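**Q** sequence plus the predicted model coming up.
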Amino acid sequence: MGSKSSVAIPPQLVKLLEADDNQKVRSHSYYVFNRSTMRHMSLLKTLCLFLFLLITAGYFAIKPLPSFGSHHDLQCSSAAWEKAVRKSAQRKEGGRLVVLLTGAAGFVGSHVSLALKDRGDGVVGLDNFNHYYPVALKRARAAKMKKAGIFTVEGDLNDQKVIARLFSTVTFTHVLHLAAQAGVRYAVHNPLAYVHSNVGGFVTLLEQCKNTVPQPAFVYASSSSVYGLNSKVPFSEDDRTDHPASLYAATKKADEVLAHTYNHIYGLSITALRFFTVYGPWGRPDMAYFSFTKNIIEGRPIKIFQGPNHEELARDFTFIDDIVKGCVSSLDTATPSTGSRGKKRGKAQFRIFNLGNTQPVPVGRFVSILEKHLKKKAIREIVPMPSTGDVMFTHANITKAQRALGYNPQTDLETGLKHFVKWYQTYYAKGSGHEDTLKGYMPF
Ligand SMILES: O=C(O)[C@H]1O[C@H](OP(=O)(O)OP(=O)(O)OC[C@H]2O[C@@H](n3ccc(=O)[nH]c3=O)[C@H](O)[C@@H]2O)[C@H](O)[C@@H](O)[C@H]1O
């Protein structure tokens, strides 16, 4: 191979190839080949290189989405890092809570962080700035939060060291856990990214909360998708949620049952919020309202999914401001955890709420509203819905959230999309400096 190949063999591999009694080489090679047939070292090298490339390709195909690298100027655990974390956690006049907010540079996370900070609560953000959608938008949200005095730690939920360091630096009264691998359709392409963040990361964080003295109250994002193939409308929290239609939904359902065990065994105060297709300014580019807007403006076609009998799909689209109120109220009404040092000292609060709008809108109608605000017709392509996890409709019953949280969504889709379009046109306007940041991005 060697000199003629344009692929440089890394030194580690050369070592592996040379040491043919090396366990690693054997463990891969011996499954496939009978060693006695491989007399020629060159053939062995070729095959090993092939295997190496195959394994590497497999690893990159399934590994969690990369974060954006260390963009941050502060190293975790440096004195400057600790100072920034403590300062961000400080309460101002009127503030009662000290919140660790995960997914802080995300759509919902950035909005809730600002709302909490605005009323005086201490807020420390955590985000891994991964590449699931253009990271420039996450950076811009974090920059906005920084201006408001919110420090966003750059780290992954699965990084126990960072998580432990955060909790040893600050006594958090609450954790609002919004970080997740989002997106229903992407889950078929990278299932392990969902398991990594939504299951592994979720348990890492719960473990830390359970071990911390005093334990914080834990509020987190579940999803309307847990209702899966449920056909009873509107969806209420007592309905069955054991027929997920996507791996994303399955991981969110897993969170709900995992959280229950931490409540039951360790006395963690737990609140799950089932969000229904949240939209609004600073939103997620992978979602339909965002990508449709982009395509309509650029004169590109949009694909509108249709059910197997040509039915329209419908969603209970919920505006971000209403969701923010639901999150803040969930934190305010969460009662303290009851556990200490791995033991429950009494029954702890366990709640699940739908946060929807209670007004499902067919996707065709939602496109018409966008057309009106954009003053431009969409090129509509009606296509069969993909078999990658979509459901026909969502519709929230919000009675429980109304009673316990005073949750009362105020924004209809027409008004909410108007706010979104206004934001989009300003944020991505020519000369804004952001106009190219979505270039080439295609949602799943
Ligand atoms: O409530 C949730 O828990 C989830 O909400 C959101 O999922 P969805 O409700 O699927 O939103 P979104 O992709 O905007 O599609 C909206 C509609 O457009 C249809 N749709 C979509 C894309 C397309 O190309 N064509 C199309 O018709 C599509 O079939 C659907 O009917 C979050 O992304 C998810 O992370 C999770 O939080």
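**A** Sure thing, it's come through.

**Q** from now on I want contacts and neighbour counts done on CA atoms only, so please keep to that.
**A** Will do.

**Q** these two touch, right, Arg341 and Asn211?
**A** Yes - using C-alpha atoms under 8 Å as the test, Arg341 is close enough to Asn211 to be in contact (5.9 Å).

**Q** between the two, which is the more surrounded one?
**A** The residue with more neighbours, out of Arg341 and Asn211, is Asn211; 19 against 12, by other C-alpha atoms under 10 Å.

**Q** isn't Trp423 up against Phe290?
**A** No - look at Trp423 against Phe290 with C-alpha under 8 Å: they stay out of range, at 11.1 Å.

**Q** residue in the stretch 1-150 of the chain nearest to the ligand?
**A** Val108 (10.3 Å; C-alpha to the nearest ligand atom).

**Q** now that residue: which helix or strand?
**A** Counting by DSSP states H and E, the element that carries Val108 is helix 107-118.

**Q** who in the stretch 301-444 of the chain is up against the ligand?
**A** Counting by C-alpha under 6 Å from any ligand atom, the stretch 301-444 of the chain comes close to the ligand at 303-305, 313-315, 363, 390.

**Q** quick one: buried ones out of these?
**A** 303-305, 313-315, 363, 390 (16 or more other C-alpha atoms under 10 Å).

**Q** next step: these restricted to helices.
**A** Of these, the ones assigned to helices by DSSP state H are Val363.

**Q** TSV for the buried ones among the residues of the stretch 301-444 of the chain next to the ligand, including distance to Ile265?
**A** Putting these into TSV (distance: C-alpha to C-alpha, whole Å) gives the following:
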residue	distance to Ile265
Lys303	47
Ile304	46
Phe305	43
Leu313	41
Ala314	39
Arg315	36
Val363	43
Asp390	34
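
**Q** inside strands: which ones of the buried ones among the residues of the stretch 301-444 of the chain next to the ligand?
**A** Judged by DSSP state E, strands contain the following of those: 303-305, 314-315.

**Q** hmm, Val108 is touching Ile320, no?
**A** Yes - taking C-alpha under 8 Å as the definition, Val108 is a contact partner of Ile320 at 7.0 Å.

**Q** report the secondary structure state of Pro336.
**A** coil (DSSP: H, G, I helix; E, B strand; the rest coil).

**Q** which one of the ones in strands among the buried ones among the residues of the stretch 301-444 of the chain next to the ligand sits closest to Thr173?
**A** Nearest to Thr173 among these, counting by C-alpha to C-alpha, is Arg315 at 34.4 Å.

**Q** so that closest one makes contact with Ala396?
**A** No - with contacts counted by C-alpha under 8 Å, Arg315 stays clear of Ala396, the gap being 9.6 Å.

**Q** Trp423 and Phe290: which has the busier surroundings?
**A** Phe290 (22 against 16).

**Q** and the spatially closest residue to Leu247 that is not a sequence neighbour, how far from the ligand?
**A** Distances taken as C-alpha to C-alpha, 6 or more residues apart in numbering put Ala187 closest to Leu247, at 5.9 Å, once the chain neighbours are dropped. Here Ala187 is placed at a distance of 10 Å from the ligand (C-alpha to the nearest ligand atom, to the nearest Å).

**Q** how about the residue of the stretch 1-150 of the chain closest to the ligand, what does it touch?
**A** 178, 283, 320, 323-324 (C-alpha atoms under 8 Å, 6 or more residues apart in numbering).

**Q** wait, a strand at Val257?
**A** No - judged by three-state DSSP, Val257 forms no part of a strand; its state is helix.

**Q** what is the neighbour count of it?
**A** Val257, neighbours per other C-alpha under 10 Å, totals 12.

**Q** and for Ala187?
**A** 21.

**Q** Arg365 too?
**A** Neighbour tally, Arg365, other C-alpha under 10 Å: 14.

**Q** that one - that's part of a helix, no?
**A** Yes - per three-state DSSP, Arg365 lies within a helix segment.

**Q** skipping its backbone neighbours, what lies nearest Arg86 in space?
**A** Counting by C-alpha to C-alpha, 6+ apart, the residue nearest Arg86 is Val170, at 6.4 Å.

**Q** any idea how far Arg139 lies from Pro386?
**A** 32 Å (C-alpha to C-alpha, to the nearest Å).

**Q** the two: which is more packed in?
**A** Neighbour count, other C-alpha under 10 Å: between Arg139 and Pro386, Arg139 has more, with 16 against 12.

**Q** helix or strand for that one, which one?
**A** Counting by DSSP H and E, Arg139 is found in helix 135-147.

**Q** and stretch 359-373, how far from the chain's centre?
**A** Here stretch 359-373 shows a centroid-to-chain-centroid distance of 25 Å under the convention C-alpha atoms, centre = their mean, to the nearest Å.

**Q** actually stretch 319-331, not the one I typed
**A** On C-alpha atoms, centre = their mean, the centre of stretch 319-331 falls 17 Å from that of its chain.

**Q** got the CA coordinates for it in CSV?
**A** Taking Å, rounded to 0.1, in the frame of the first residue of the first chain, the C-alpha atoms of stretch 319-331 are listed here in CSV:
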residue,chain,number,x,y,z
PHE,A,319,-46.1,30.5,20.5
ILE,A,320,-42.9,30.9,22.4
ASP,A,321,-44.1,33.7,24.8
ASP,A,322,-46.8,31.3,26.1
ILE,A,323,-44.3,28.5,26.5
VAL,A,324,-42.0,30.9,28.5
LYS,A,325,-44.8,31.7,30.9
GLY,A,326,-45.5,28.0,31.3
CYS,A,327,-41.8,27.3,32.1
VAL,A,328,-41.5,30.1,34.5
SER,A,329,-44.7,29.2,36.3
SER,A,330,-43.5,25.5,36.5
LEU,A,331,-40.4,26.7,38.3
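
**Q** what's it in contact with?
**A** 108, 111-112, 115-116, 174, 176, 219, 271, 273, 275, 278-281, 355, 357, 401, 405-413, 416.

**Q** quick one: mean pLDDT over it.
**A** Averaging pLDDT along stretch 319-331 yields 99.

**Q** stretch 265-272 too?
**A** Stretch 265-272 comes out at a mean pLDDT of 98.
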